[in-house]
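Enquirer: Fold the following, please.
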Amino acid sequence: MVDQNTTNLVELSVSELSMSLKRTIETTYDHVRVRGELGRVTIAGSGHLYADLKDEKSVLSTVMWKSQVGRLSFRPEEGLEVVATGRLSTYPGRSNYQLIANDIRPAGAGALMALLEERKKKLAAAGLFDPAHKQPLPFLPTTIGVVTSPTGAVIRDILHRLSDRFPVRVILWPVLVQGDMAAEQITAAIDGFNQMRPPERPDILIVGRGGGSIEDLWPFNEENVVRAAFNSTIPLISAVGHEVDHTLIDYVADKRAPTPTGAAEFAVPVRSDLVLSLQDLGQRQKHALTRYVKRQRDRFAAARLPRAERLLEIKRQQFDLLASRLGSSIRHLTSKRRLQLTSASAALRTDLLRSDLRRSHKRLADIANRTEPATRRLLQQKTQKLDSEAKTLETLSYQSTLRRGYSLVLGPDGVLVKSARAASGLKSFSVKFGDGDVSAVPRPSETEKKPSKRARKSSAQTPEKPDQGDLF
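Expert: Residues are numbered from 1 along each chain as shown. Coordinates of the predicted model:
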């Protein structure tokens, strides 16, 4: 038996049913707001954004067209909790539905802050925030590169401040400073400046924008921007937001300025101050040179020998001054010594003096009593020693030898005659005995007058014995 209700149903094709569902869903859910976590985020070459919006139980495919993606204030990333606004639609070819989003925002600042802290830890662990990598700013840059919006107040503030302090050449690289495309443009600008060659290449880079919410400033927290700033070989100043705003580019920049105006102040000194400093240095150099020349002139003048009267002039004046002071100085010294003597005499006590005198007399008497016996003993010892030495001298003297029977033969000139041959050659000589002197004349012996042949032969064969000499 055929069911009447079944026979009354309208028969639809698959396409008709899909289109009917599409109209129903798009009519019912033409404006919805969905909260979830982003997953599988992809930006196609066409610029469209494809992602999953999910929670613990379900997944919703999400699409955002290129025209809407460019207006995003942040870069969608997987794992970020967001609130998406748009409409539901179906894809008839696959019979599934999806969210066509016209706006995606982080689910509160807390979500972005959590993502920011996680990224900050990651980059810090990679060493990007190490102060050792920071470069010093040049003192007088000739060209400054600025990465910012060409229409905002930032570039006007920077140019105005540079003009006030020290006008230099400025190259602006215009970029978006918020939105999904801002990070890529800022990265390209930093890399582009670093690829330039002198003289176009800037000496300093300033990357900045005005204040705003964390979503507005989010491009300066993107990892590609941070790494581009870290890899920059040109010293970079970050000037993002106000003083209370902090982005990740501030940690890798070589200098962080609280405002764009402050960045210009860091970049160049005040020209008028430099002029005054140069003038002051010039004056100091001039004064130093003048003093040096004067010292050299005085030195050369002192090296020349002055006239004699000039040498004596000062000495005469000094002598006259000392002579005039001499009388008063003597009187003053006398008065001073008299006062000292009076004071000392008043302090003297006669009983103490008498006591000291008695003690001195007693010590002197004791010394005298000890000295007399000691002197006698010493004199006796010296006398005995003298007698002993006199006896020794008497024993060793030649007079004592003569008294023992010896004699001395002296020539006419008083020279000692030591041999008979020497005596025979003299006309006369004297013989000294212990009791007196006797004059004598040498006389040849008989053997000397008539020597025999035997004696001559003997004398020829036997050598003469050497003279024994005498005691002296």
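Enquirer: hey, let's count contacts and neighbours off CA atoms from now on
Expert: Will do.
Enquirer: At which residues are the strands of the stretch 251-400 of the chain located?
Expert: 255-256 (DSSP state E, counting those that start in this stretch).
Enquirer: And the stretch 101-250 of the chain, by the same measure?
Expert: Under DSSP E, counting those that start in this stretch, the stretch 101-250 of the chain gives strands at 143-148, 169-174, 204-209, 236-240.
Enquirer: So Ile144 is in contact with Glu200, correct?
Expert: No. Applying Cα atoms under 8 Å, one finds Ile144 not in contact with Glu200, separated by 9.8 Å.
Enquirer: how many neighbours does Ile144 have?
Expert: 21 (other Cα atoms under 10 Å).
Enquirer: separation between it and Leu137?
Expert: 11 Å (Cα to Cα, to the nearest Å).
Enquirer: Find the residues that touch each one of those two.
Expert: Taking Cα atoms under 8 Å, 6 or more residues apart in numbering as the contact rule, the neighbours common to Ile144 and Leu137 are Ile204.
Enquirer: I'd say Leu248 and Lys121 touch.
Expert: No. Leu248 sits out of contact with Lys121 when judged by Cα under 8 Å, with a separation of 10.5 Å.
Enquirer: which stretches of the stretch 1-150 of the chain aren't confidently modelled?
Expert: 1-7, 73, 92-93, 108-110 (pLDDT under 70).
Enquirer: Could you rerun that using 90?
Expert: Scanning the stretch 1-150 of the chain for pLDDT under 90 picks out the ranges 1-30, 35-39, 43-47, 55-57, 66-83, 89-98, 103-119.
Enquirer: mind listing the helices for it?
Expert: Ranges of helices in the stretch 1-150 of the chain, per DSSP state H, counting those that start in this stretch, are 4-8, 14-28, 66-69, 109-125.
Enquirer: quick one, which of the ones you listed is nearest to Trp173?
Expert: helix 66-69 (22.6 Å; Cα to Cα).
Enquirer: residues contacting the closest residue in space to Glu222 that isn't next to it in sequence?
Expert: Distances taken as Cα to Cα, 6 or more residues apart in numbering place Ala183 nearest to Glu222, at 6.5 Å, with adjacent residues excluded. Ala183 sits next to Val177, Pro219, Phe220, Glu222, Asn224, Val225 when contact means Cα under 8 Å, 6+ apart.
Enquirer: Count the neighbours of Glu77 for me.
Expert: 16.
Enquirer: Can you tell me how far it is from Asp216?
Expert: Glu77 is 16 Å from Asp216, by Cα to Cα.
Enquirer: Equivalent analysis for Leu159, please.
Expert: 23 Å.
Enquirer: now Arg75
Expert: Counting by Cα to Cα, the gap from Arg75 to Asp216 is 11 Å.
Enquirer: Check Glu26 too.
Expert: Counting by Cα to Cα, the gap from Glu26 to Asp216 is 32 Å.
Enquirer: Show me where the stretch 251-400 of the chain dips below the pLDDT cut-off.
Expert: Looking along the stretch 251-400 of the chain with the criterion set at pLDDT under 90, you get 271-278, 295-380, 382, 385-400.
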